[in-house]
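Participant: predicted model and sequence follow; I will ask about them next.
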Amino acid sequence: MSTSSNTNSWAIWIVAAIFYLYELVLRVAPSVMTDRLMESFGATSTVLGVLVSFYYYSYTILQLPCGVIVDKLGPRNLIGLSALLCVAGTAMFASAEAVHVAQIGRFMVGAGSACAFVSCLQIAASLFHKKYFVILVGITNMMGTMGGLLGGYPIARLVNGIGWRNTMYWLAALGIIIIALVFIVIPGNARDDIPSDSDKKPSSSIADIISLLKNWQVVLPSIISGFMYLTISVFAELWVVSFFIAKYDIGNELASSAAASVFIGIAVGSLVLAAYARRIKSYVSTIRMSAGLTALLFLMLIYIPFGFYMSLAVVFAIGFLTGAQAINFTCAKNSASPETAGTTVAFSNCIVMLIGAIFQPTLGVILDYFWNNTVGDDGIRIYDAACYSCAMLVIPVFLIIAYSLSFYLKETIHMEHEQS
C-alpha cells in the first residue's frame, strides 16, 4: 500500500470527488420537484418512488463489477464514461414526456454514478496509510453530502425560476464541463499512478464475492450501514422536503432548508465522528451510539410538535449522527482479507444501495395507503402530515434494528495497528 501524495495522485482524487459531488446533486434533485414530477407524469407517490428508485437499480447492479471496471479502464476513462452516462441520462429525464422514458433516464444516471463512491475510496486507500482510511471515508462522505446540499435549496430556486426540465438540462451541461475537466486534469496513464496490491490475485472473482457473503463481519456492517443510510436515501434524498411542506404548509424553497440541514449535519458528522471513533478506539461504540440516538431523534421529529426552526435543528442532529454510517465500510474492509479490499467496499455499497432501492418506493406505498383521498385543483394527490408521519416511522424502526445488530459487530480498529 502506497503512501504517495504527489500532485497527480491528489488531482485524481479531487476530480473523482468532484464527480461524486456532482452525481449526488443528480441523485437528490428530484426531492425538491416531487409535486412537479407528479403533475408532469400524472404520478402517485408510489409511481414517483419507483421512478426515483430506478437510479438505485442500475447503481446497485453495477457495484460489484466496479472494482474490476476501475482496473480495466483506469480513473480517466472510467470517470469520463461515467460522467457521459450521467449527462445523457439527465438529458433524457429532462425531455421525457412519459414516465417510462424518465425511468430509463434515471437508470442511466444511476449506472453513470455507480463507480463514483467506490473510485474515491479505492484511490484514497491507495494513497494513504490504512489507519487514515476511516478519515478519508469521512472526507469522501462529506464531499457527497455537499452534493446533496447543493441539490436542495439551489436546485429548488432553479426549479421555481426556470422549471424542472430546464433545471435538469443545466445540470446535464454541468456534466459536460466535468467531462472536460477529467480529460484535462487526469493523464491517460493515470492508472499507473495508483498503486495496488496487485501482485496478488484480482479481487473481483466470484470466489471472492462468495467468501464475502459467508463472512458475517462483512455482511453485518453492510446491512447496518444500509439501515442507517435510510436517513439519506429515503429521508434526505426524497421525502424530507415534501414532509416539511405538509407539516408546516410552506413552499419547496423554504422546505429545502430541511434537506440542507440534514446534509450539512452529515458533512460535519462524517469528519467529527470518524475522528471521535479513532479517539475512543472503537468503531462499534460510535456506530451503536449513532443508530440509537438517530432513531430517538426521528421519533421526536414525528411525534413532538416542534416549531419549524426547532425541527431544522433536529434534522441537523439526525444528519450529524448519520455521519457515522460510513464507518461501517471501514469495519467491513478490516474484516476482509487485504486482497479483497476493493471488492469489499463495492460489496458493502451494493447492499447499502439495494436497501435504499427497496425503501424509497416502500414509503411511497405507505403514503398511498394512508392517503385520505384529498386531491388538489390539478388533480394531484395531497398527502397530509399524518400520512408522512406514518410513512416516516419505518426509518426509526430500522434504525433500532441497526442498533440491535451492532451488538454482534466485532471491533476492528486494533487490526489497523496490527497490519501496519
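Facilitator: That came through, no problem.
Participant: show me where pLDDT drops low in this protein?
Facilitator: The chain contains residues with pLDDT under 70 at 1-7, 67-68, 70-74, 125-132, 188-205, 339, 341-342, 378, 414-420.
Participant: go again with 50.
Facilitator: Residue ranges of the chain with pLDDT under 50: 1-5, 195-204, 419-420.
Participant: which residues of the stretch 51-200 of the chain fall in strands?
Facilitator: Applying DSSP state E, counting those that start in this stretch to the stretch 51-200 of the chain gives no strands.
Participant: now do the helices in it.
Facilitator: With DSSP state H, counting those that start in this stretch, the ranges of helices along the stretch 51-200 of the chain come out as 66-95, 99-113, 116-127, 133-150, 153-162, 164-185.
Participant: please identify the deepest-packed of those.
Facilitator: With neighbours defined as mean count of other C-beta atoms under 10 Å, those peak in mean count at helix 116-127, which reaches a mean of 25. From N, CA and C alone the C-beta is placed, and that goes for glycine too.
Participant: which strands and helices sit next to that one?
Facilitator: When contacts are defined as 3 or more C-beta pairs under 8 Å, 6 or more residues apart in numbering; DSSP states H and E, helix 116-127 packs onto helix 7-28, helix 66-95, helix 133-150, helix 341-370.
Participant: got the angle between it and helix 66-95?
Facilitator: On the basis of axes from the mean of the first three to the mean of the last three C-alpha atoms, to 10 degrees, helix 116-127 is oriented at 150 degrees to helix 66-95.
Participant: was I right about I327 contacting Y283?
Facilitator: Yes. Counting by C-beta atoms under 8 Å, I327 does reach Y283; the two are 5.1 Å apart.
Participant: next, show the common contact partners of these two.
Facilitator: Counting by C-beta atoms under 8 Å, 6 or more residues apart in numbering, the contacts common to I327 and Y283 are V134, A277.
Participant: thinking again about what came up before, so which of the helices of the stretch 51-200 of the chain comes closest to I210?
Facilitator: Ranking the helices of the stretch 51-200 of the chain by proximity to I210 (C-beta to C-beta) places helix 66-95 first, at 15.1 Å.
Participant: three-state assignment of the residue of the chain most remote from its centre?
Facilitator: The C-alpha centroid of the chain is most remote from D377, which lies 34.8 Å away (C-alpha atoms, centre = their mean). Under the three-state scheme (DSSP: H, G, I helix; E, B strand; the rest coil), D377 adopts coil.
Participant: same for the helix or strand harbouring A386, what does it pack against?
Facilitator: Counting by DSSP states H and E, the element that carries A386 is helix 385-392. Helices and strands touching helix 385-392, by 3+ C-beta pairs under 8 Å, 6+ apart, are helix 240-248, helix 283-303, helix 341-370.
Participant: now the ones you listed as JSON lines including mean neighbour count and distance to A402?
Facilitator: Converted to JSON lines, the helices and strands packed on helix 385-392 look like this (neighbours: other C-beta atoms under 10 Å; distance: least, C-beta to C-beta, whole Å):
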{"stretch": "helix 240-248", "mean neighbour count": "23", "distance to A402": "19"}
{"stretch": "helix 283-303", "mean neighbour count": "21", "distance to A402": "4"}
{"stretch": "helix 341-370", "mean neighbour count": "23", "distance to A402": "10"}
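Participant: can you redo those helices as CSV with distance to S31?
Facilitator: What follows is those, written out as CSV (distance: least, C-beta to C-beta, whole Å):
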stretch, distance to S31
helix 240-248, 5
helix 283-303, 17
helix 341-370, 11
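Participant: Y55: which of these is closest?
Facilitator: Nearest to Y55 among these is helix 341-370; the distance by C-beta to C-beta comes to 8.2 Å.
Participant: distance check, S270 against F19.
Facilitator: To F19, S270 is 18 Å away according to C-beta to C-beta, to the nearest Å.
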